[in-house]
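Peer 1: Sequence first, predicted model second:
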Amino acid sequence: MNRHAVVSTRIGELTVVVSEDVLVGVYFPHHWVKPTAETLGERVEASDPLIAVVVEQLEEYFGGSRRTFDLPSRLEGDEFQRRVWSVLEEIPFGETTTYGEIAARLGEPAQAVGKAVGQNPLSIVVPCHRVIGKDGSLTGYAGGLRRKQFLLNLEEPVGARLF
């Protein structure tokens, strides 16, 4: 059964969703694909043991002392979405790739890849912020372009490199 907490972080409010002993969602307030009430489950305090660990690791990441997450997690989506999200998980800290590069790798249309990237339920933890436009521009991000730029700067302050 899912449970969630709304937490304050240095990049703003996030909703953290866990199911039993795994992380299943990290959502921004204006997330494009909003979780359903069933997906969210019961609202609990941020002191929930697993949610507290998630928040601690997020804050370490935002503070620059963590490069990867060590959290039990589960990505819930269809087969295509999970294929795209699997590629996102492979993008190293401090590097970026494009929607087109992911599409070419998977043999799928870039627009479909873009939609799947935008539906990533584990924002930040599964680094969809590392996907940029083919011309190097910042493209849509569920947390907003300001947060996307913050995350990219945090990882690579001297400029983005292609994955």
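Peer 2: Arrived safely. Numbering: from 1, shown residues only.
Peer 1: Which other helices and strands does the helix or strand where Phe80 lies contact?
Peer 2: In this structure, Phe80 is located in helix 79-90 according to DSSP states H and E. Helix 79-90 makes packing contacts with helix 99-106, helix 110-118 when contacts are defined by 3 or more C-beta pairs under 8 Å, 6 or more residues apart in numbering; DSSP states H and E. To be clear about C-beta, it is placed using only N, CA and C from the backbone, and glycine gets the same treatment.
Peer 1: So what touches the longest one?
Peer 2: Here helix 110-118 makes contact (C-beta atoms under 8 Å, 6 or more residues apart in numbering) with 32-33, 77, 80-81, 84-85, 88, 99-100, 102-103, 106, 128, 131, 139-140, 142.
Peer 1: Stretch 15-33 now?
Peer 2: Around stretch 15-33, the neighbours that count as contacts under C-beta under 8 Å, 6+ apart are 1-7, 12-14, 34-35, 39-41, 46, 48, 50-51, 54-55, 58, 71-76, 118-119, 121-125, 140, 142-144, 147.
Peer 1: Could you give the average pLDDT over that stretch?
Peer 2: Across stretch 15-33, pLDDT averages out at 92.
Peer 1: got the buried residues for that stretch?
Peer 2: Neighbour counts over stretch 15-33 (16 or more other C-beta atoms under 10 Å) mark 15-19, 23-28, 31 as buried.
Peer 1: Can I take it that Val16 is in a strand?
Peer 2: Yes - remark: Val16 belongs to a strand, assigned using DSSP: H, G, I helix; E, B strand; the rest coil.
Peer 1: so who does the residue nearest to the spatial centre of the chain touch?
Peer 2: Per C-alpha atoms, centre = their mean, the C-alpha nearest to the average position across the chain is that of Ser123, at 1.7 Å. Contacts for Ser123 (C-beta under 8 Å, 6+ apart) come out as 14, 26-28, 31, 129, 142-143.
Peer 1: how near is it to His30?
Peer 2: 12 Å (C-beta to C-beta, to the nearest Å).
Peer 1: can you give me the strands in the protein?
Peer 2: When secondary structure is read from DSSP state E, the chain shows strands at 2-9, 12-19, 22-27, 42-43, 97-98, 131-132.
Peer 1: CSV for those, including distance to Arg67?
Peer 2: Formatted as CSV, the strands of the chain follow (distance: least, C-beta to C-beta, whole Å):
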stretch, distance to Arg67
strand 2-9, 17
strand 12-19, 19
strand 22-27, 17
strand 42-43, 31
strand 97-98, 17
strand 131-132, 18
